[in-house]
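In: for reference, the sequence and a predicted model appear below.
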Amino acid sequence: MMIFMQEARANLLKTPDAWRLAGMGFVTLFLELALIRYLPGNIWNLGYFPNLILIAVFIGMGVGFMFHHRLSARGSAILMHASIWILLSLLLFVEVSDPTVPGFSAWEGDIGGDLYFTSTSEKAAAGGITPFVVCLLGVGAVFACLSQRTAKLFRTFRPLSAYTLDIAGSCAGILSFMLMSWLRAPAWVWFAIAVVGVLLATTGAWRWRWLPLVPGVVIVGLVVYQDSVLLGKGSYKGPLESFWSPYQRIQHMVARQQIFVNGVGHQAMLSPDEISEFAYQKAYDARRAAGEAPYRNVLILGAGSGNDVAAALMNGAERVDAVEIDPVIADIGKRHHPARPYDDARVNLVIDDGRAFMSRTPHRYDLIIFALTDSLVKVSSMSQLRLENYLFTVESVKRAQSLLAPGGDIVFYNFYRQPWLRTKISEMIEEATGIAPRPLYELKDFAVLEAKSSLPRGAEPGVPSMDLPRDDWPFLYLVERGIPAVYQWSMLAMGVFATLLVGLLHLTTRRLERFGKPGMLATKVAFVFMGVAFTLLETKSVIQFSLLFGTTWLNSSLVFLAALLLVLVANWTALTIRSQRAMPIIYAALISSCLITYVYPLGNLLGVESMALRFALASVLTFAPIFFANLVFSVSFRDLDVPEHVFGWNLIGATVGGVVEYSSMYFGYSFLAVVVAVSYAIVVALLVVSRRSQAQVASSHAPLSVSENAAV
């Protein structure tokens, strides 16, 4: 290990290519995160499907790594420069074509029974699929051009040295983007950093090296312009504030006090008179009509810009805990809400996930409000989980009920779009509390539902008519447990595409000695399954930590960073493993650590009161399989003759894993542990086959002994 660390230090200090390889790792991950944030802010409803961007990125990276050998050094440099021009073309196309995710109406999206809330312009709703597909192809092209250059640099180092430099750059990339999120830096800053990173990583004559600076400047100018125009209403000419929160693009129409998120109308800040006439008032009016004492302590989950908070204060609340996950929306409410609710000393504003807050708070409440918490983004680009999903589970409502003071009530309200969604909410409340919720207010698809604890409880709740969301299956907006047909076709199409791609590559390279050695095909397929399994493992880790500690951007980022850091630890550990005798133990540790969380779901740790102990147990159970998975990868990767080629196969496997995650919509998230364990069992079998093939060839070419020579 010390030799490896000394070599890495020497490379970083003395070898320009080492800096370039680390720089490419930085640029690739930083730009990936930037596009995952930027494109949903400019393409209608793409915030619901960030995994499509990630899949396009993985495909592009896989193609770049697998086919780089067909490029000359000059061709590689040209494509590196071309990546910035393609990025500019992509951003210009988004600006001009106004693309949208197909399948959405002006009010909602129903993708095979998976419901999405939206407010799409008629122009965007009428858009076809072609502009959207072109955008994804553009993303893939950008990363193919970048990754072929990374692959060239890979060839100049030993496999683990190259992999370490790449991952070290990736760690710097995610840390930098976390800093951008914390600072709420605008999108033009992200692209400026990405362009500079590409320029520093390029080679060639001085004047040609800086040529991509031209499209880079145009990109920055274009993004600055986009933030000056309201995506939802391009004709609006009044004062406008534009922000990029850690989750989404937020624009505030100052003159009308309206907030748009990713172009969708999201909130309007109302005056006290307007609030008293709207649904915010209904729970307080019902309380007063029943002759009961006013609500003194109120918890609002999804406080937004402050309407619910203002209503609570207007009705005599003495303490209001206002929980809002997006700091930018809360900040707009602080500065602009007509009632100034967040300036009141009775209000405790908490920027956090609502479920996480409920798991920690020691207070009891007379009223808990599940406000308009329908988000427009997913927890991460690797899962189907929306920001609010863990708020709307049976276990979450049970936790809310446990926080009620005697005589306390729980209120839900929203535009429920479809009758079945309101039915599911009602049955979930009854399952959790034993109280059949009553409607306080109804207007078309809008309803205010109340679970009133002072009402007599009926008999035990009957069998629900629908699959209710639970912590292991938190899909409130899915009409029934199952994988919608469109996702099934996506899984099939991606499987066929990946098979054809790697099949084509194998057929075109198998006659080349370094690509077609005995056992090489089994090794390459093993790395495909490693990619599938590791993507699912990362996804599961994000989901587990979201449940235990909140679906915040910081938690998700820290999980990804921890996974990358474990790659570095595994690389160093792999250098100490000289004998294959240790591998069966590592394989057993990997598969068993994957299955532990199926036998003992991490949701059980919510019962651990100590946050420190909960975090320690969750970290061990979550990151142990990630470490062993990385160790298997590193040991298998360190002696490869064509590591960058095999790494491309691994990236294609990661693409497939991103689509296999759809299976959680039927089986739930705990079952992913079984899929991961089976995938790694296949990896082990393939690696054993590969090693035996190599051993047979080695033995057949071994020199004859003295006795054998005599016999001949």
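Out: Right, received. Where do you want to start?
In: for the longest strand that the chain contains, packing partners?
Out: In the chain, assigned by DSSP state E, the strand with the most residues is strand 404-415. Other helices and strands packing on strand 404-415, by 3 or more CB pairs under 8 Å, 6 or more residues apart in numbering; DSSP states H and E, are helix 282-289, strand 365-370, helix 394-402, helix 419-433, strand 446-452. Bear in mind the C-beta positions are built from the backbone N, C-alpha and C, glycine included.
In: the second one to helix 419-433, inter-axis angle?
Out: For strand 365-370 against helix 419-433, the angle by axes from the mean of the first three to the mean of the last three CA atoms, to 10 degrees is 150 degrees.
In: follow-up on the earlier one: which residues touch the longest strand of the chain?
Out: Under the contact criterion CB atoms under 8 Å, 6 or more residues apart in numbering, strand 404-415 has outside partners 117, 279, 282-283, 287, 292-293, 295, 297, 364-372, 374, 397, 400-401, 425, 429, 433, 437, 440-441, 445-454.
In: give me the low-pLDDT residue ranges for the protein?
Out: Along the chain, the model assigns pLDDT under 70 to residues 1-14, 120-127, 204-207, 232, 455-462, 511-516, 518, 697-712.
In: quick one: the strands in it?
Out: Using DSSP E, the strands assigned to the chain run over residues 108-111, 114-117, 240-244, 249-253, 258-261, 264-268, 297-301, 319-324, 347-351, 365-370, 404-415, 438-443, 446-452.
In: as JSON lines, these with distance to Arg149 would be great.
Out: Written out in JSON lines, the entries for the strands of the chain read as follows (distance: least, CB to CB, whole Å):
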{"stretch": "strand 108-111", "distance to Arg149": "37"}
{"stretch": "strand 114-117", "distance to Arg149": "38"}
{"stretch": "strand 240-244", "distance to Arg149": "28"}
{"stretch": "strand 249-253", "distance to Arg149": "30"}
{"stretch": "strand 258-261", "distance to Arg149": "36"}
{"stretch": "strand 264-268", "distance to Arg149": "37"}
{"stretch": "strand 297-301", "distance to Arg149": "47"}
{"stretch": "strand 319-324", "distance to Arg149": "42"}
{"stretch": "strand 347-351", "distance to Arg149": "40"}
{"stretch": "strand 365-370", "distance to Arg149": "49"}
{"stretch": "strand 404-415", "distance to Arg149": "48"}
{"stretch": "strand 438-443", "distance to Arg149": "58"}
{"stretch": "strand 446-452", "distance to Arg149": "53"}
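In: ranking these by burial, who's on top?
Out: For the strands of the chain, ranked by mean neighbour count under the definition mean count of other CB atoms under 10 Å, the leader is strand 297-301 at a mean of 27.
In: what angle do strand 347-351 and that one make with each other?
Out: Using the same axes, to 10 degrees, one finds that strand 297-301 and strand 347-351 are set 30 degrees apart in direction.
In: can you tell me the strand partners of strand 297-301 and which way each runs?
Out: Taking DSSP bridges as the criterion, strand 297-301 pairs within the sheet with strand 319-324 (parallel), strand 365-370 (parallel).
In: let's have these in CSV, adding distance to Thr150.
Out: Listed next are the strands paired with strand 297-301 as CSV, based on distance: least, CB to CB, whole Å:
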stretch, distance to Thr150
strand 319-324, 40
strand 365-370, 46
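In: so for Ser465, which of the ones you listed sits nearest?
Out: Judged by CB to CB, the one of these that comes nearest to Ser465 is strand 365-370, at 21.2 Å.
In: contacts for that closest one next, please.
Out: Under the contact criterion CB under 8 Å, 6+ apart, strand 365-370 has outside partners 283, 295-302, 308, 312, 321, 391-392, 400, 403-405, 407-413.
In: and if you look at stretch 229-244?
Out: Outside of stretch 229-244, the residues within contact range by CB under 8 Å, 6+ apart are 37, 41-42, 119, 121, 184-187, 227-228, 249-256, 260, 262-265, 328, 332.
In: could you chop the protein up by domain?
Out: The domain map for the chain lists 14-103+123-227+480-696, 258-377+394-452, with the assignment taken from automatic domain parsing.
In: pick out the residue closest to the middle of this structure.
Out: Of all residues in the chain, the one closest to the mean position by CA atoms, centre = their mean is Ser380, 1.5 Å from it.
In: rewinding a little: with distance to Gly109 as extra columns, can I get the domains of the chain in a markdown table?
Out: A markdown table is the format used below for those (distance: least, CB to CB, whole Å):
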| stretch | distance to Gly109 |
| --- | --- |
| domain 14-103+123-227+480-696 | 6 |
| domain 258-377+394-452 | 10 |
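In: Met466 is nearest to which of the ones you listed?
Out: Checked against CB to CB, the stretch from the domains of the chain lying closest is domain 258-377+394-452, at 5.0 Å.
In: tell me how far that closest one lies from the chain's centre.
Out: Here the centre of mass of C-alpha atoms in domain 258-377+394-452, compared against the chain's by CA atoms, centre = their mean, to the nearest Å, lies 27 Å away.
In: before we move on, what about stretch 620-629?
Out: A distance of 19 Å separates the centroid of the chain from that of stretch 620-629, by CA atoms, centre = their mean.
In: pull out the buried positions in it.
Out: 621-629 (16 or more other CB atoms under 10 Å).
In: just give the number of residues close to Asp285.
Out: 13 (other CB atoms under 10 Å).
In: likewise for the one 4 residues further on?
Out: Ala289 is surrounded by 8 other residues when neighbours are defined as other CB under 10 Å.
In: one more: Val599?
Out: The number of residues packed around Val599, counting by other CB under 10 Å, is 9.
In: distance check, it against Val674.
Out: As for Val599, its distance to Val674 is 10 Å (criterion: CB to CB, to the nearest Å).
In: next up, the contacts around Ile325.
Out: Ile325 touches 247, 302, 351-354, 375, 387, 551-552, counting by CB under 8 Å, 6+ apart.
In: Serialize those to JSON lines and add fields for distance to Leu146.
Out: Rendered in JSON lines, the data for the contacts of Ile325 read as follows (distance: CB to CB, whole Å):
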{"residue": "Tyr247", "distance to Leu146": "26"}
{"residue": "Gly302", "distance to Leu146": "39"}
{"residue": "Ile351", "distance to Leu146": "35"}
{"residue": "Asp352", "distance to Leu146": "36"}
{"residue": "Asp353", "distance to Leu146": "34"}
{"residue": "Gly354", "distance to Leu146": "38"}
{"residue": "Ser375", "distance to Leu146": "31"}
{"residue": "Leu387", "distance to Leu146": "30"}
{"residue": "Thr551", "distance to Leu146": "30"}
{"residue": "Thr552", "distance to Leu146": "29"}
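In: going by neighbour count, which of these comes out on top?
Out: Across the contacts of Ile325, the neighbour count under other CB under 10 Å reaches its highest value at Thr551, namely 30 neighbours.
In: all set now, cheers.
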